[in-house]
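Peer 1: only geometry, no sequence info:
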């Protein structure tokens, strides 16, 4: 049995990259009986019944380390969350919500502030300070001038990455710059275009340094319905060590006495804008759960 990764799935066909070749595969009926649907990004075992035409059957789906709904993709390593320095100005509350969603999905988070050519007020320094102190890697790029692309490519090396961010921040321009380093696929690219005119599906493309990119934006739905308020603090990395000093194990870091997180904020060890985001998101989650009677 050959091992591979599903690069695209459409119309019941799955295109599996294995040993440099792309095989068009159907899934065994047992998966339908088990209510398991193969996903883009799945590591699979396939049997090949026509090597010349590169046709096979998915026999096994390996355990997933994670899976996303939008886009429908599994085994992603990291989220590259893209915001622009200017035009549009970054909405840090929206950025913090996207970070929470990525943390909840179990992804490493990289923050990319694009359009550095517009940063006449040196705003990147402020954003970098806030999020570097929170424990994140922050990079600065300008897609149209190709500034910071080498640093971004190094981050993408040997990882499966999904890009996320609001419209107008230059995600497409960044992906176009990265695609210049895409692995040449020849017949593979033609084969994988099947059904491209229909509903948009997730698809992976490979770059020359071993990185793999999900070609559809991540976290297009910003619903926090699956995030429990009791564990929201776990998705703020800078809270984790101070929270060990909280008097109560289930401290919400809001009204409780002897709260290590609030003490860290008072001592300016945590950025106040990040705590404000935590309070906002906590309130949004609890109100949503009350409306749906889930909390």
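Peer 2: Structure's in. What do you need? All figures in this text were calculated on a predicted structure; none of them were measured in a lab.

Peer 1: all helices of this structure, in order?
Peer 2: Secondary structure of the chain by DSSP state H: the helices cover 29-33, 92-104, 123-133, 149-156, 171-179, 187-192, 240-243, 260-266, 272-291.

Peer 1: hey, which of those is tucked in deepest?
Peer 2: helix 92-104 (a mean of 20; mean count of other CB atoms under 10 Å). Where C-beta positions appear, they are placed from N, C-alpha and C, glycine not excepted.

Peer 1: Report the angle between that one and helix 123-133.
Peer 2: Taking axes from the mean of the first three to the mean of the last three CA atoms, to 10 degrees, helix 92-104 and helix 123-133 form an angle of 30 degrees between their directions.

Peer 1: Please tabulate the helices of the chain in a markdown table, including the columns distance to residue 57 and mean pLDDT.
Peer 2: Putting those into a markdown table (distance: least, CB to CB, whole Å; pLDDT from 0 to 100) gives the following:
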| stretch | distance to residue 57 | mean pLDDT |
| --- | --- | --- |
| helix 29-33 | 10 | 93 |
| helix 92-104 | 34 | 96 |
| helix 123-133 | 46 | 98 |
| helix 149-156 | 31 | 97 |
| helix 171-179 | 31 | 89 |
| helix 187-192 | 17 | 48 |
| helix 240-243 | 45 | 98 |
| helix 260-266 | 52 | 98 |
| helix 272-291 | 43 | 95 |
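
Peer 1: how about the ones you listed in JSON lines, adding distance to residue 252?
Peer 2: What follows is the helices of the chain, written out as JSON lines (distance: least, CB to CB, whole Å):
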{"stretch": "helix 29-33", "distance to residue 252": "42"}
{"stretch": "helix 92-104", "distance to residue 252": "15"}
{"stretch": "helix 123-133", "distance to residue 252": "22"}
{"stretch": "helix 149-156", "distance to residue 252": "34"}
{"stretch": "helix 171-179", "distance to residue 252": "34"}
{"stretch": "helix 187-192", "distance to residue 252": "48"}
{"stretch": "helix 240-243", "distance to residue 252": "10"}
{"stretch": "helix 260-266", "distance to residue 252": "9"}
{"stretch": "helix 272-291", "distance to residue 252": "7"}
